[in-house]
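J.: Got a predicted structure here, sequence first:
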Amino acid sequence: MTKKILIVEDEFIVANDLSIILERAGYTVCGIAGSVEEARELIEKYKPQLVLLDIYLKGNLTGIDLARQLAAENIAFVYLSANSNQKILEEAKATQPYGFMVKPFRERDVLVSLEIAQYLHEQNMIVKHNNEIMLQNSLADIIEEPGGWENKLLKIAKLIQPQIPFDFLSVQATNMNILTDDCINFLRTSYHEYQTLGAEEFINVTGIKKQEYQKIKESEIQYERSSWHNNEDFIANWQHDPLKKLIAKTFKLQSSLTMVPQSKNQGITLSFYSRKPDAYNNKHLALIPRLQKSLLLPNDLASTSNKPIAESRKLPTAESTPPVSVNSHGFDGIIGNSHLLLTALDHLSLVAPLETSVLILGESGTGKERFARSIHSLSARKKKQIVIVNCAALPTHLIESELFGHERGAFTGATERRIGKFEQASGGTIFLDEIGELPLESQAKLLRVLQEKEIERLGGREMIKVDVRIVAATNCNLEKEVASGKFRLDLYYRLNVFPILLPALRDRKDDIPALVANFLRHYCQRASKPLLKISGTALSELEHYSWPGNVRELEHLIERHVLLAKGNTIEKILLPQNPSGVTQSSGESKVKSIDENEMDYILSVLKKCNGRVSGPGGAAELLAVPATTLNSKMKRLGITRKHVS
């Protein structure tokens, strides 16, 4: 059965060329749409497996608006784009497409992009299906097991966390008589550690009076359907919901997702909150009906005979929980409780048990190798070895020999057979660090390994099957490398099945005290010194530094100060002065890009012309360019009438 593809493109010549290419390759083009409205009708009628989607279309809606619907319906899509400004591209990337095709198209690029999109979509569907089956089975087991409902709900919260991330969860059981309080809350304090807040604890933490709490509860909004709210939308939403406003301000939350029960009279309402401003989307909303089905309780469990158990809450509080390493969960040496790090750990725990390729993204020194080792140790391959390869350190003329091995006599100096890194890792995991530094010729051979699961030794005559899981990492922007022709598009998408983004240390400074404490313990023990303390002033200096070298730089700095320390306390930290590439002063002016300067100039001319583009006295005449050229530039830069007015 051939794949059905819908083309959503308002330029007929471009759409027609694509249609010819696709049909010649054996695909079925089920239609061409020039607007979002037309596309929705064709999607409803033909149910395409893949959509090629232009960003700018006829009408008020853009391809990005349609992409959100396609993502919710699990339809794969690839963007067709000319040069767009950075803001538009960021919005497009947020919808998680399976690729970008830049106009004008070459036939080979189109077909490769489609092949990659199909592969990624199939892999994502497998991961999603497996995770949902495990989730539903585990939820059923928790609900059926004996014990009080506070502990059951906490277990459910931990189970849902990788699927729907949250920093605060409010659970309300309507007409079910399963809780001591009418509502219970869980505040995440570390990986797999939560502070339980019933009514009394919630009142104490928020600092309001009991009468005020009762008044807020009485005015609480009962939502009729599940919904999500991010950033400004979240702030607007809480204006009419005093309880949501109190929760958001107390715990510094910026987005929410509310899951209401299927029955208005009885059921469990889950309200998820996150400190990230863009935590939720339609994919989370699409998961809710399946969660609701799993959380339907048998009548005997929800009846009045099932009295709530007043459980003693021995869970750690926010004050008593030290921000320590999460080694007990298989994350060896990964330390911290910041929400950005916890999100990365949630993604790690989700993908580790699977066979999916993983791409770890992050600046130098953020801990990419530690994450790779944790993925291996939490996988079914943990009894085999993980082989670490630093692609940047491989000599160009020996890359193939190092990765794939060589036979005796393959080249001058090859006096014996050598087993390459991929064969060494067979049955286990290979970690390709700094993958962006691999030359194009070697990238083609790596792609073959990913596709065919086989290698050929240098000088060899037979193909050797290898069973290896690939985890790759880079500190560079691979999308820019692809655009400049330095990295293969097909390899990028083969590796980018499940990306994990590691936060820079400057974005999780709350973790610095825990990291410092850990490094002090380690290096004092290594130097056979008594455990040193660090003064408040020194710690404050560390927290106000920008950390261009991230955790690795902090570790080396603490090691140096342990060796130099003469007393029992480190009183002052000697920080590097004006590290390269880092702006210490927030007051320094930012250098504008060429596009930003061009946009500013066009806007200034448009304002002089009162927004007039063409005709006598128009901006096109002043700039001495055709009106069509100016309109094209304005479209590319995202300049609309509202900018001028």
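T.: Sure thing, it's come through. Source: prediction; values computed, not measured.

J.: contacts, neighbours, all on C-alpha from now
T.: Fine.

J.: Lowest-scoring secondary structure element of this structure by mean pLDDT?
T.: helix 299-302 (a mean of 46; mean pLDDT, DSSP states H and E).

J.: In the stretch 501-645 of the chain, mark out all the strands, start to finish.
T.: Here the stretch 501-645 of the chain has its strands, by DSSP state E, counting those that start in this stretch, at 533-534, 569-570.

J.: can you check the stretch 51-200 of the chain too?
T.: Here the stretch 51-200 of the chain has its strands, by DSSP E, counting those that start in this stretch, at 76-81, 100-102, 168-174, 183-190, 193-197.

J.: any idea which of those scores lowest on pLDDT?
T.: Lowest mean pLDDT within these: strand 100-102, at a mean of 77.

J.: still on that earlier bit, right, and the strands of the stretch 51-200 of the chain - which one's nearest Asn518?
T.: Nearest to Asn518 among the strands of the stretch 51-200 of the chain is strand 183-190; the distance by Cα to Cα comes to 16.0 Å.

J.: so Tyr492 is in which element?
T.: Here Tyr492 sits within helix 489-495, counting by DSSP states H and E.

J.: helices and strands around that helix, which ones?
T.: helix 107-144, helix 440-452, helix 478-483 (3 or more Cα pairs under 8 Å, 6 or more residues apart in numbering; DSSP states H and E).

J.: In TSV: the ones you listed, plus distance to Asn390 and mean neighbour count.
T.: Converted to TSV, those look like this (distance: least, Cα to Cα, whole Å; neighbours: other Cα atoms under 10 Å):
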stretch	distance to Asn390	mean neighbour count
helix 107-144	26	15
helix 440-452	14	15
helix 478-483	17	15
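
J.: Make CSV from those and add mean pLDDT to it.
T.: Putting the helices and strands packed on helix 489-495 into CSV (pLDDT from 0 to 100) gives the following:
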stretch, mean pLDDT
helix 107-144, 82
helix 440-452, 86
helix 478-483, 81
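
J.: So which of the ones you listed is nearest Ala236?
T.: For Ala236, the closest of these is helix 107-144, at 32.3 Å, according to Cα to Cα.

J.: Assign His229 to helix, strand or coil.
T.: Under DSSP: H, G, I helix; E, B strand; the rest coil, His229 falls in the strand class.

J.: residues near it, how many?
T.: Burial of His229 is recorded as 22 neighbouring residues (other Cα atoms under 10 Å).

J.: now it, which residues is it bridged with?
T.: Beta-bridge partners for His229, by DSSP bridges, are Ser256.

J.: didn't it look like it was pressed against Trp238?
T.: No: using Cα atoms under 8 Å, His229 is not in contact with Trp238, being 9.6 Å away.

J.: Identify the residues contacting the closest residue to Ile55 other than its chain neighbours.
T.: Nearest in space to Ile55, with sequence neighbours left out and distances taken as Cα to Cα, 6 or more residues apart in numbering, is Gly63 at 4.2 Å. The contact partners of Gly63, by Cα atoms under 8 Å, 6 or more residues apart in numbering, come to Val36, Leu53, Asp54, Ile55, Tyr56, Leu57.

J.: what do you get if the cut-off is 10 Å, keeping everything else the same?
T.: By Cα atoms under 10 Å, 6 or more residues apart in numbering, the contact list for Gly63 reads 8-9, 35-36, 39, 52-57, 79-80, 92.

J.: and if you look at Glu132?
T.: Ile126, Ser138, Gln163, Leu287, Arg290, Leu291 are the contacts of Glu132 under Cα under 10 Å, 6+ apart.

J.: tell me which of those residues is nearest to Asp182?
T.: Closest to Asp182, out of all of the contacts of Glu132 and judged by Cα to Cα, is Leu291, at 21.1 Å.

J.: Can you give me the distance of the closest one to Leu270?
T.: In this view, Leu291 and Leu270 are 10 Å apart by Cα to Cα, to the nearest Å.

J.: Now the common contact residues for those two.
T.: Common neighbours of Leu291 and Leu270 (Cα under 10 Å, 6+ apart) are Met259, Pro261.

J.: which secondary structure elements does the helix or strand hosting Leu340 contact?
T.: Leu340 belongs to helix 339-351 when assigned by DSSP H and E. When contacts are defined as 3 or more Cα pairs under 10 Å, 6 or more residues apart in numbering; DSSP states H and E, helix 339-351 packs onto helix 107-144, strand 183-190, strand 358-361, helix 368-377, strand 498-501.

J.: Centre of the chain to that helix, how far?
T.: 9 Å (Cα atoms, centre = their mean, to the nearest Å).

J.: do stretch 224-243 as well
T.: 23 Å.

J.: let's number from 720 now, not from 1
T.: Okay, using 720 as the starting number, the last item reads as stretch 943-962.

J.: could you dump it to CSV, C-alpha only?
T.: Output of stretch 943-962 as CSV, limited to C-alpha atoms (Å, rounded to 0.1, in the frame of the first residue of the first chain):
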residue,chain,number,x,y,z
GLU,A,943,-16.1,21.2,32.5
ARG,A,944,-13.4,19.9,30.1
SER,A,945,-9.7,19.2,30.1
SER,A,946,-7.5,22.0,29.0
TRP,A,947,-4.0,23.4,29.1
HIS,A,948,-2.7,27.0,29.6
ASN,A,949,0.8,28.2,29.1
ASN,A,950,2.6,31.5,29.9
GLU,A,951,0.4,34.6,29.3
ASP,A,952,-2.6,32.4,28.8
PHE,A,953,-2.0,30.8,32.2
ILE,A,954,-1.8,34.2,33.9
ALA,A,955,-5.1,35.2,32.2
ASN,A,956,-6.7,32.0,33.3
TRP,A,957,-5.9,32.4,37.0
GLN,A,958,-7.5,35.8,37.1
HIS,A,959,-10.9,34.0,37.4
ASP,A,960,-9.6,31.2,39.6
PRO,A,961,-8.2,32.4,43.0
LEU,A,962,-7.0,28.9,44.0
